[in-house]
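Undergrad: the sequence and its predicted three-dimensional model are supplied below.
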Amino acid sequence: MKYRSEIDGLRALAVAPVILFHAGFELFSGGFVGVDVFFVISGYLITTILISEIENRHFSIANFYERRARRILPALFFVMLACLPFAWLWMIPSQMKDFSESLVAVSLFASNILFWRESGYFDAVAEEKPLLHTWSLAVEEQYYLLFPIFLMLAWRFGKDKVFWMLIIMTSMSFLLSELGWRYNATANFYLAPTRAWELFSGSIAAFIVQKRGVEKGNFLSLIGLCLVIVSIITYDQTIPFPSIYTLVPVGGVVLLILYADKDTIAAKILSTRVLVSLGLISYSAYLWHQPLFAFARIKLIDEPSEALMLSLSIISIALAYFSWKFIEKPFRNTSKVNQKSIFLGSITGLIGFISIGYYSVLNNQFDHLRFPGKPMLSEIYSDQDAAWSSKVRTDRNRICEKLGLSQLSEEVCFTNSEKPTLLIIGDSKAMALSSGIFSGYFNIPTVLISAHACPIYPNLTYTPNFETDWDNNCTAISKKIYDINKAIPSIDTVIIANHAVRSDNDISRYFINKKQITNSEAMRTGFGYLIEKMLVEKNKVIFLTDVPKLKNDSIACLYRDDLINSDCNANRNEVFEERQEYYENIKYLSDEFDFRVVDSLDIFCAEEICKSYEDGALLYYDKTHLTPRGADMVLREIFRQ
């Protein structure tokens, strides 16, 4: 295959924005499209090689996989190995567990599936996962495994028919991604079926170039370059991806592949020495940047400064040059490393990382060694686990199916009695509060109706965020709340526990009679309607204000011996100031309706600093959700009043 320096320049244009995007620089808000650029380039290069080998009758699956192993695995193994000591030294047990699972998933070429499955409401911060970026490698690896076999089998029908098969598969994958972001955004983002059309776009370009060569098109190639750059600068995380929006960078890359002849302006720009040099080490640069950023965020209490992130970006380039020269290049040299050695080394490395990850997940001896004298996660979460015991789930099945909730979501309804007297409603804050009852701290017949990230506004319509999958039934759940209360006459007390309403600076997604309203209006109208209906049924209504948000994860602070540090707690005045509008809305509601407000600030912030632990026990299990011990404190105050 003829070398095209502009392709290496295009790789540089892909990797630099990805690094700067993950570093948090707003100018590169759409830097994530660099991954899509890589997909198209990979599809083009791999298909070009395969077409040439098949037509010349010297295609070999073993040789193809050997080249892919030489290209991908040595540098990947080197980076994974470099991560191990920092994971051992700096990660708390929950982070170590996630990291260990990712070691296994990366080695099985399935990290995209793992991160899809892990992407939930209580998932660890994505930026603190050193191997998160390998999801895109997994998508490419799955393409490498299957596409050559497809091409080899389909070639018997003729080259033209293979081309049209690719057109059909590309169209189907694209349509699937358009449906995917609407119904399951996380799966749409991570999984290969909805990403395949980007790789296939490169494959289609390869067929066209193979037939007629690279054409000289100054205008079209410049348009392609502009499309890529504009998407990097103007896109942000509110745009669903992949989707029709992804056509912009993907189409731009295809135009460059087809029309950026070496004499075009676009090709000359991309072929500059700086871009080509960065493009040559782009794979290693991509591998290094995320671990550097993740471990910096894990180690530091505060968010790393822009200066530090810029320094780490530069360091990732330096490390990339090192691993390109001393790892990538030698292993690609067949005279230095033969086929037998590359396959044996690949299998050994894969088995080794799988073993390390598997042992770490199943055997917590690593945590005992790393944190002698500290409680293990299983001990910390024992009460939490008890809250969702088999008895609670069994009782839930009897009453929740009767209420018509079981078909909406498995995690919406829980109860410990068929005749509950207490109804707790809200989002994940309600679920955390109920753990104080379901774990045995209180013996009160209770039914919990909650949904993660779901505002309980029965009279409003809620448009879910494409990035979250759990809130698609939010409106349906909310509308059932009043019917549920009527259906269970034994209920005499209702506790409302919800996340503090977001600022109106954020995009509101609430509607009443198809008219969009602000977050503040939604809180007043939605909770006002809910409270009024509950009072009509002669319930006692208690509104629990949202618990103060800690500055850092409480479990992380426990393992780092920082629980008494102010950076591991919250400041009462700061919390109140941040939530001023929220408290104004609560005051408005309390003036309108006869219900009791229990302020969590009075429970946790008797002094200026809000506590996150008491008598050696954690009150939170992250920054914002209560442990059963913390829920016990709140419930005691509620029932005292």
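TA: Great, that's in hand. Numbers count the residues shown, from 1 in each chain.

Undergrad: name the helices or strands packed onto the strand or helix carrying residue 81?
TA: Taking DSSP states H and E as the definition, one finds residue 81 inside helix 61-90. For helix 61-90, the elements it packs on are helix 33-55, helix 93-107, helix 134-154, helix 282-299, helix 306-323, helix 329-332, helix 339-362, judged by 3 or more Cβ pairs under 8 Å, 6 or more residues apart in numbering; DSSP states H and E. No exception for glycine: its C-beta is placed from N, CA and C like everyone else's.

Undergrad: okay, now the nearest residue to residue 77 once chain neighbours are set aside: neighbour count?
TA: Counting by Cβ to Cβ, 6 or more residues apart in numbering, residue 77 lies nearest to residue 349, which is 4.6 Å off, once chain neighbours are set aside. Using other Cβ atoms under 10 Å as the criterion, residue 349 is surrounded by 19 other residues.

Undergrad: what sits against residue 349?
TA: By Cβ atoms under 8 Å, 6 or more residues apart in numbering, the contact list for residue 349 reads 73, 77, 107.

Undergrad: try 10 Å this time
TA: 69, 73-74, 76-78, 80-81, 107 (Cβ atoms under 10 Å, 6 or more residues apart in numbering).

Undergrad: with residue 7 instead?
TA: 41, 44-45, 253, 256-257, 260, 267, 270-271, 276, 279.

Undergrad: could you measure from it over to residue 522?
TA: For residue 7, the distance to residue 522 (Cβ to Cβ, to the nearest Å) stands at 50 Å.

Undergrad: wait, doesn't residue 212 sit right on residue 261?
TA: No: with contact defined as Cβ atoms under 10 Å, residue 212 does not reach residue 261; the gap is 11.9 Å.

Undergrad: neighbour count: these two, which is higher?
TA: residue 261 (17 against 9).

Undergrad: ok, residue 9 - contacts?
TA: Applying Cβ under 10 Å, 6+ apart, the residues near residue 9 are 225, 256, 260, 266-279.

Undergrad: and for residue 155?
TA: Residue 155 neighbours (Cβ under 10 Å, 6+ apart): 50-51, 54-55, 59, 161-162.

Undergrad: go again using 7 Å as the cut-off
TA: 54, 162 (Cβ atoms under 7 Å, 6 or more residues apart in numbering).

Undergrad: neighbours around residue 184, how many?
TA: 16.

Undergrad: quick check: phi and psi at it.
TA: Here is the backbone geometry of residue 184 (degrees, to the nearest 10): phi -150, psi 80.

Undergrad: tell me the confidence at it?
TA: Per-residue pLDDT puts residue 184 at 85.

Undergrad: that one and residue 325: what is the separation?
TA: 42 Å.

Undergrad: mind listing what the most centrally placed residue in the chain touches?
TA: Centroid-nearest residue in the chain, with Cα atoms, centre = their mean: residue 119, separated by 4.8 Å. When contacts are counted by Cβ under 7 Å, 6+ apart, residue 119 is found next to residue 186.

Undergrad: distance of it from residue 187?
TA: Distance of residue 119 to residue 187, given as Cβ to Cβ: 9 Å.

Undergrad: most neighbours among the contacts of residue 7, which one?
TA: Using other Cβ under 10 Å as the neighbour test, the contacts of residue 7 are led by residue 256, with 34 neighbours.

Undergrad: just to revisit the earlier point, out of the contacts of residue 7, which is nearest to residue 345?
TA: Closest approach between those and residue 345, by Cβ to Cβ: residue 45, at 23.7 Å.

Undergrad: check the gap between that closest one and residue 330 for me.
TA: 21 Å.

Undergrad: same check, this time on residue 600
TA: Distance of residue 600 to residue 330, given as Cβ to Cβ: 59 Å.

Undergrad: between these two, which one's more packed in?
TA: Neighbours were counted for residue 600 and for residue 330 using other Cβ under 10 Å; residue 600 has more, 22 against 12.

Undergrad: pull out the buried positions in the helix holding residue 81.
TA: 64-70, 72-80, 82-83, 86-87, 90 (16 or more other Cβ atoms under 10 Å).

Undergrad: once you drop chain neighbours, what's closest to residue 522?
TA: Sequence neighbours aside, residue 510 is the residue nearest to residue 522 in space, at 3.7 Å (criterion: Cβ to Cβ, 6+ apart).
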